[in-house]
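Student: 3D, please:
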Amino acid sequence: MAPPTPAEVTKLLATQAYSPDIVSPLADYARAQAEGQVPYHFDANRTLVKLYTFFPHLEDENTIAIVLLLSLIQFPSTDTLALSYMIPDRVQTREPCATIMSCAELLDSCQFEEFWNLYNSKVKGDDAILQTLVQSSAAAIQTQILHVMAQCYKVAPLATVERSLDTKKIAGDCVDKIEGGQVYFKASADNTKRNRVFQEGVNFQAISNMMISTTTAAVE
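Tutor: Alright, predicted model coming up:
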């Protein structure tokens with residue numbers, strides 16, 4: 001059976017957001033996201049997790065893990081954090097969700113090397129779609145990490161970038177050049193020092209007089 005279309009999901013969320021009847025189509029849609037058949041849809045995934053808390057007999061931990069992994073790929077968004085508030089501790093502390101949550105914590109703290117060590121060796125599960133997503137998502141996460149580094153640095157050691165991305169293939173639209181063992185990122189508002197802007201025509205004497213008057217009034 002084909003998963004619902006994005007338009008159908010939008011209609012379900014608008015008309016039956018609290019109905020257990022939409023758990024199955026939303027779960028199918030989450031798996032379709034994992035397989036790249038449909039675009040990422042945080043609202044749909046959040047609603048699915050919320051419905052699992054309302055109707056625990058419908059809960060599927062592999063699907064929850066898929067939803068968490070889909071949100072992890074959106075780094076540095078807060079989607080994983082938002083979902084974590086609705087997922088019971090008993091689920092978060094069991095595999096495969098436990099490792100995904102640990103990976104999310106490492107990403108959020110920018111411990112990229114540690115993240116890859118855990119992600120590559122520990123994210124496991126008996127769900128074929130989950131395992132396929134783990135294998136196919138590495139490139140997307142590398143791209144997101146590279147963009148985060150580009151927001152923080154204009155230049156970074158090539159070896160550091162390679163370890164952070166777990167690859168020696170450094171390429172992206174935020175990279176200007178690689179030269180002399182350094183990665184040069186394209187200048188942006190985030191990684192470029194801003195010059196102070198002073199307002200011309202400000203009467204500092206008037207400001208000084210106003211402050212003196214205010215201080216005097218407060219003392220009196």
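Student: in stretch 16-24, what's buried?
Tutor: Residues of stretch 16-24 classed as buried by neighbour count (16 or more other C-beta atoms under 10 Å): I22, V23. Glycine gets a C-beta too; all of them are placed from N, C-alpha and C.
Student: who touches the residue positioned nearest the centre of the chain in this structure?
Tutor: Nearest to the geometric centre of the chain sits F75, at 2.4 Å (C-alpha atoms, centre = their mean). By C-beta atoms under 8 Å, 6 or more residues apart in numbering, the contact set of F75 is L107, D108, I141, Q144, I145, V148.
Student: how does it look with 10 Å?
Tutor: Applying C-beta atoms under 10 Å, 6 or more residues apart in numbering to F75 gives the contacts C103, A104, L107, D108, F115, A140, I141, T143, Q144, I145, H147, V148.
Student: how about it, secondary structure?
Tutor: coil (DSSP: H, G, I helix; E, B strand; the rest coil).
Student: Just the buried positions in the strand or helix carrying R46, please.
Tutor: Element membership of R46 [criterion: DSSP states H and E] is helix 42-54. Applying a neighbour-count criterion of 16+ other C-beta under 10 Å, one finds A44, N45, R46, T47, L48, V49, L51, Y52 buried in helix 42-54.
Student: The following helix or strand past that helix - contacts with which helices or strands?
Tutor: Once the chain leaves helix 42-54, the next helix or strand it forms, by DSSP H and E, is helix 61-72. In terms of contacts (3 or more C-beta pairs under 10 Å, 6 or more residues apart in numbering; DSSP states H and E), helix 61-72 is packed against helix 23-34, helix 42-54, helix 79-84, helix 89-92, helix 97-108, helix 112-122, helix 128-136, helix 138-152.
Student: can you rerun that using 7 Å?
Tutor: On a contact count with 3 or more C-beta pairs under 7 Å, 6 or more residues apart in numbering; DSSP states H and E, helix 61-72 meets helix 23-34, helix 42-54, helix 79-84, helix 97-108, helix 128-136.
Student: ranking the ones you listed by burial, who's on top?
Tutor: For these, the largest average neighbour count (mean count of other C-beta atoms under 10 Å) is found in helix 23-34, namely a mean of 21.
Student: ok and it relative to helix 42-54, angle-wise?
Tutor: 140 degrees (axes from the mean of the first three to the mean of the last three C-alpha atoms, to 10 degrees).
Student: ok, and what's touching helix 23-34?
Tutor: With C-beta atoms under 7 Å, 6 or more residues apart in numbering as the test, helix 23-34 has contacts from 3-4, 9, 12, 38, 40-41, 44-45, 47-48, 51, 55, 58, 60, 63, 66-67, 70, 129, 133.
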